[in-house]
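Enquirer: Sequence plus the predicted model coming up.
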Amino acid sequence: QALTRMETLRGMTIWAAKSNFMETKIGSIEIGKLADFVVLNVDLMNASEKAIRKAKVKSTFMQGVECYTAEK
């Protein structure tokens, strides 16, 4: 048995927030929620497993503010 990519993503985001009763503050990107997220150089939903393992962080945002940008 295995989770789909979408189930895995939800498990790390909105489902985790719901399990902590914080879904009104975190877990998805919506107006009024804290925006903590990363931007990767690959599309996790469509990339090959090999490409996912080699994924790199391009930017990191905390509370909607970019706090890290990878050097080009």
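Expert: Sure, I can see it.
Enquirer: Pick out the residue nearest the middle of the protein.
Expert: For the chain, residue 37 is the residue whose C-alpha lies nearest the centre (C-alpha atoms, centre = their mean; 5.3 Å).
Enquirer: buried set for stretch 14-34?
Expert: 17, 23, 26-27, 33 (16 or more other C-beta atoms under 10 Å). Quick note: C-beta positions are derived from backbone N, CA and C, even for glycine.
Enquirer: got it, and stretch 42-58?
Expert: residue 47.
Enquirer: on that earlier part again, just put the buried residues of stretch 14-34 in JSON lines and tack on pLDDT.
Expert: Below are the buried residues of stretch 14-34 laid out as JSON lines (pLDDT from 0 to 100):
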{"residue": "17", "pLDDT": "97"}
{"residue": "23", "pLDDT": "96"}
{"residue": "26", "pLDDT": "95"}
{"residue": "27", "pLDDT": "95"}
{"residue": "33", "pLDDT": "94"}
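Enquirer: Same list (those residues) but as JSON lines, adding distance to residue 44 and secondary structure.
Expert: Listed next are those as JSON lines, based on distance: C-beta to C-beta, whole Å; DSSP: H, G, I helix; E, B strand; the rest coil:
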{"residue": "17", "distance to residue 44": "18", "secondary structure": "helix"}
{"residue": "23", "distance to residue 44": "21", "secondary structure": "coil"}
{"residue": "26", "distance to residue 44": "19", "secondary structure": "coil"}
{"residue": "27", "distance to residue 44": "17", "secondary structure": "coil"}
{"residue": "33", "distance to residue 44": "20", "secondary structure": "coil"}
